[in-house]
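[1] what follows is a protein structure lacking sequence information:
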């Protein structure tokens, strides 16, 4: 069984090392220009529509979580009537 594991390791190493890597285009300078542009927008919204959606979803979840915590605190603070 140990021999099978060693064989599998050798095959996996051979497969990973033989993969041809694609040349990636460097997009960092473009992103730097976008985020350093002085257009009055906050930096967390400069990425476009996807950033705005993520921001609003985060704010919605935060408000919902805060409301749930306040509800549970009030529920725990007010004694319940025993019948």
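    Here it is on my side, so go on. On a predicted model such as this, the values are computed, not experimentally measured, just so you know.

[2] neighbouring contacts of stretch 34-44?
    By CB atoms under 8 Å, 6 or more residues apart in numbering, the residues outside stretch 34-44 that reach it are 46-47, 51, 55. For the C-beta atoms, the positions are set from N, CA and C on the backbone; glycine is no exception.

[3] got phi/psi on the residue nearest the centre of the chain?
    Using CA atoms, centre = their mean, the residue of the chain that lies closest to the mean C-alpha position is residue 54, 9.5 Å off. Residue 54 adopts backbone torsions of phi -60, psi -40, taken as degrees, to the nearest 10.

[4] what of residue 62?
    Torsion angles, degrees, to the nearest 10, at residue 62: phi -60, psi -50.

[5] can you get me a residue count around it?
    10 (other CB atoms under 10 Å).

[6] how close does it sit to residue 56?
    Applying CB to CB, to the nearest Å, the value for residue 62 to residue 56 is 11 Å.

[7] likewise for residue 24?
    When residue 24 is compared with residue 56 (using CB to CB), they lie 31 Å apart.
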